[in-house]
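*Asks:* Requesting a structural model of the entry that follows:
(2 chains)
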Protein chains: 2
Amino acid sequence: MTNYEKYKKLSEKVSAISFAMRHINWDAETEAPPSSLQGRGLTMRTLTTMMQEIVRSEEYVNTIKDLHKEMDSLDDFQKREVEEEYKGIQVREYVPEKLSIEMSSITNEAVAKWTEAREKKDFSIFKPYLEKLIAYKKEYSKCLENKFGYETDYDCHMDIFERGAKLADYDALFAVVKKDLVPFIKKVLDKNVKYNDSFLDMKFEKEKQKEFAEYLISVLPYDYDNGVMKESAHPFTWGTSSDDVRFTVRYLEDLPFSSILAAAHEMGHAIHFQGVDKKYSRTAISQVPSMVIGESQSRFYENHIGLNKVFWKKHYPKLQETFERQLKGVSLDDFYKVLNKVEPSFIRVEADELTYPIHVLIRYEIEKEIFFNNISVDELPALWNSKIEEYLGIVPKDDSEGILQDIHWSFGAFGYFPTYAMGSALSAQIENKMKEVMDIDKCIETDDYDTINNWLKENIHKFGGFKLPNDVIKDALGEEFNPKYYIDYLIKKYTKVLLED
Amino acid sequence: MTNYEKYKKLSEKVSAISFAMRHINWDAETEAPPSSLQGRGLTMRTLTTMMQEIVRSEEYVNTIKDLHKEMDSLDDFQKREVEEEYKGIQVREYVPEKLSIEMSSITNEAVAKWTEAREKKDFSIFKPYLEKLIAYKKEYSKCLENKFGYETDYDCHMDIFERGAKLADYDALFAVVKKDLVPFIKKVLDKNVKYNDSFLDMKFEKEKQKEFAEYLISVLPYDYDNGVMKESAHPFTWGTSSDDVRFTVRYLEDLPFSSILAAAHEMGHAIHFQGVDKKYSRTAISQVPSMVIGESQSRFYENHIGLNKVFWKKHYPKLQETFERQLKGVSLDDFYKVLNKVEPSFIRVEADELTYPIHVLIRYEIEKEIFFNNISVDELPALWNSKIEEYLGIVPKDDSEGILQDIHWSFGAFGYFPTYAMGSALSAQIENKMKEVMDIDKCIETDDYDTINNWLKENIHKFGGFKLPNDVIKDALGEEFNPKYYIDYLIKKYTKVLLED
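*Replies:* Now for the predicted structure:
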């Protein structure tokens, strides 16, 4: 047996355990009864141990190390697999197993404490855990400094969610968000736009929302034969390989746009995953290690299609037919303006397209305070509140609307938030590039999603993790990431929709 | 670490893999897209290998063997665990791994060939595989003869589905089925009972069938908080432990009784599993190794409750309300007679309560021909047809209605069928025993399922695999299995419902 064959044999087991854990999670998020919690917890812990035993075994480690020495004899596909595996081995070598176990155990506790703190609107419950998490994360990055060319500790955390993330790109993005978007939003808000939104006072029946979500599946290029749509408390996309990619939606009777935009968003993720070349299935390079590229695809379908006027010119009649009681007599123009309503708000996941990046800006600036300036955790709630007041003119009534609102930090995910804004920004740059070779509005008008999605598939989706994120972007766009397309897009769009009225 | 602690540590992994495989199967049967087939197949194969590697490892085998020697120092619970594990080890030692692998590979092929043969109504496609399966099964029992006190090869096969199955019990059951039931059925059929069943010509909407199934959940003592009800092509019950027991139903618009009785049947299984003491969860004795006891519980809820006149006196109004269009003007008496309609038919799973055991009798007699008389596979289709003609007076128009109708043989399950009839028979004996201490009809009339189910839980469910099947039966009933209760019950019931009219 060659080393590569030996590796493939061992990785079959890792892949099978990962497949199993994904299935158990899918079940947990979508239908498992609450009583199943304990049995699932024990099982997941055992499966994690089994996976760790394999990837930390001498046989596995040596096989990868040997392969890494033989790189020249491997083809490009194999090289990328070995690169990924080798990086995993290095991280496991540099970060003591004890630290990983402690981090994972504190994370479990911290998530529970965060949940309790948010419910009780009491930051002090979560505070000691946040302090420990930050200390562990700093220790973690200390283990890896000088190892992978990180310029700062924060780079090391960003790298987990966005391979090769460059601080300069993020700084450039948030600089223009602050410089150009913040004043533009003020201008929009000062105009006191009138929205004819009384139809939102009515309930939008769950069953009908589901019917419309199914209609969206029939319109967008999500392959329903290779997937499932289901309900869950928080919408998400799930998959084991491009053969089986599913997503969930939730239906809130008071917020009809929520399920429509969530369906478009999750379908964007799902279409991306379905587009990965099948040859990467069940390998270490089945998915691009990039939250930014992932988010650029979900945001493309959510914002550039689902919030596009041309889309609604075509599909508003269907929505009106589905919600006859609620939308009778509501004109397309009025509907579209309400759909794109801009208002300052506290909750990131419910924010409109224009104020959304401000929510991320706040988190980015706070994370930088934590990792570059060692700010004390005590100061965070007030810092949060002062920032949202500065940028959006509102003050949280308690910490559940502020510092406690997102789950991410409670599971140690620092460096994650900025990818959300970067993904939205990238989707605008991608759209701009696509316009060089197609008339996107024309495609939407004629339900020609093949033209749109073939471009995305050929230039982005199909590579899975074969190409690294920065290469995908450069090759697809012919240039590096540039935030100007995003700012231009937002200002142009919202000037037209809300200011030129 | 004691040997017992070592064993528990190792068995955690076996239990985790088994939990994972159950989840992957549940997903496959209830919602996975067809495209997921290949990835799932590869994963399941790897997980099976991983489990085999553990239970065949020197460490595992020696630990169990050591424990088996230390039996005296173990408590009763531990003893039963070790007994089960030791038996597993013995079987794996006596049956060469090569034979197991070959059997499993021929089974995979045979199921596909059986499916094809049944679709094409062509036994010759399946015949060579059935021959090979029988040969393998004979070789398998040869490996085990003189090992566990089996009196015949067939006992060895029966033992897989019913631990400690005694041929004499089955022979006794089928002797009275043949002697008493076959002529009684002739008598019923000769009477040419008139059924006012024109309402069955209407479609019964799926959504409403589901609504009624949900109503049944609210009536019967199935704990919906610890479970899930879903749809699948074939109804089944599923669980990982008493904390998480689910079942499926299918809704056929032409066969409204099918979903009602399937729901009651599967809930019977599920209530049984939910009643197992939680201390047996994730151990080798989590479930009683007995298809008969399992089937006695599903049949109890299906036949002795779901086909009981008292039950329908109480719940027919709800059914009428649900299916107003179809059941308006249909009297309870007419409905109840149609629900219990007796007619000769080809398909076992759709057979009525009275002719059902005849379908099993045919299979039992054929299996005995195979294992005791070495009958040639060529002769099986004709033998089948002659038997069903003899017992029910009908002749299959092709083999899909005859020898090819059940999947069981294609996965090597010989000795399985007789447990179906035995389970039905046992449910009548259990009901008879329960009547000594409660008025079952009165309980049903007053929705007092606690009294009914507490008896079943205390005497049958709670033991899981801690007690062996024959002990469960003897302790619960104060006597051994006796088929007379079943025959008496059937003759009395159907005389009253159909002959005394």
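*Asks:* can you pull the buried residues of stretch A:124-142?
*Replies:* For stretch A:124-142, burial by neighbour count (16 or more other CB atoms under 10 Å in any protein chain shown) applies to A:125-127, A:129-130, A:132-134, A:136-138, A:140-141. C-beta coordinates here come from the backbone N, C-alpha and C atoms, glycine included.
*Asks:* Show me the contact partners of that stretch.
*Replies:* A:95, A:99, A:102-103, A:106-107, A:109-110, A:113-114, A:116-118, A:150, A:153-154, A:156-157, A:370-371, A:377-378, A:380, A:404, A:409-410, A:412, A:414 (CB atoms under 8 Å, 6 or more residues apart in numbering or on different chains).
*Asks:* Turn the buried residues of stretch A:124-142 into a markdown table, including pLDDT and secondary structure.
*Replies:* Formatted as a markdown table, the buried residues of stretch A:124-142 follow (pLDDT from 0 to 100; DSSP: H, G, I helix; E, B strand; the rest coil):
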| residue | pLDDT | secondary structure |
| --- | --- | --- |
| A:125 | 97 | helix |
| A:126 | 97 | helix |
| A:127 | 98 | helix |
| A:129 | 97 | helix |
| A:130 | 97 | helix |
| A:132 | 96 | helix |
| A:133 | 97 | helix |
| A:134 | 97 | helix |
| A:136 | 96 | helix |
| A:137 | 96 | helix |
| A:138 | 96 | helix |
| A:140 | 96 | helix |
| A:141 | 96 | helix |
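*Asks:* ok, those residues vs residue B:465, which is closest?
*Replies:* Comparing the buried residues of stretch A:124-142 against residue B:465 with CB to CB places residue A:129 closest, at 41.9 Å.
*Asks:* Tell me the spacing between that closest one and residue A:105.
*Replies:* Distance, residue A:129 to residue A:105, by CB to CB, to the nearest Å: 11 Å.
*Asks:* now do residue A:163
*Replies:* 27 Å.
*Asks:* Neighbour count: the two, which is higher?
*Replies:* Between residue A:163 and residue A:105, counted using other CB atoms under 10 Å in any protein chain shown, residue A:163 has the larger neighbour count: 19 against 10.
*Asks:* who touches the residue nearest to the more buried one when sequence neighbours are not counted in this structure?
*Replies:* Computed as CB to CB, 6 or more residues apart in numbering or on different chains, the closest residue to residue A:163 that is not its neighbour in sequence is residue A:289, at 4.0 Å. Applying CB under 8 Å, 6+ apart, we find residue A:289 in contact with A:84, A:162-163, A:465, A:468-469.
*Asks:* Residue A:180 and residue A:489 touch, don't they?
*Replies:* No: using CB atoms under 8 Å, residue A:180 is not in contact with residue A:489, being 11.8 Å away.
*Asks:* Tell me the confidence at residue A:166?
*Replies:* Looking at residue A:166, its pLDDT reads 88.
*Asks:* Next, give phi and psi for it.
*Replies:* phi -110, psi 120 (degrees, to the nearest 10).
*Asks:* mind listing what it touches?
*Replies:* By CB under 8 Å, 6+ apart, the contact set of residue A:166 is A:155, A:470.
*Asks:* can you tell me how far it sits from chain B?
*Replies:* Distance of residue A:166 to chain B, computed by CB to the nearest CB, to the nearest Å: 35 Å.
*Asks:* do the same with residue A:51
*Replies:* Residue A:51 is 11 Å from chain B, by CB to the nearest CB.
*Asks:* Kindly report the same for residue A:224.
*Replies:* Relative to chain B, residue A:224 is positioned 8 Å away (criterion: CB to the nearest CB).
*Asks:* The residue nearest to that residue when sequence neighbours are not counted: which element?
*Replies:* Distance criterion CB to CB, 6+ apart; nearest residue to residue A:224, sequence neighbours excluded, is residue A:217 at 5.4 Å. Element membership for residue A:217 (DSSP states H and E) is helix A:206-219.
*Asks:* Give me the distance from that helix to the chain's centre.
*Replies:* Centre-to-centre, helix A:206-219 and its host chain are 23 Å apart (CA atoms, centre = their mean, to the nearest Å).
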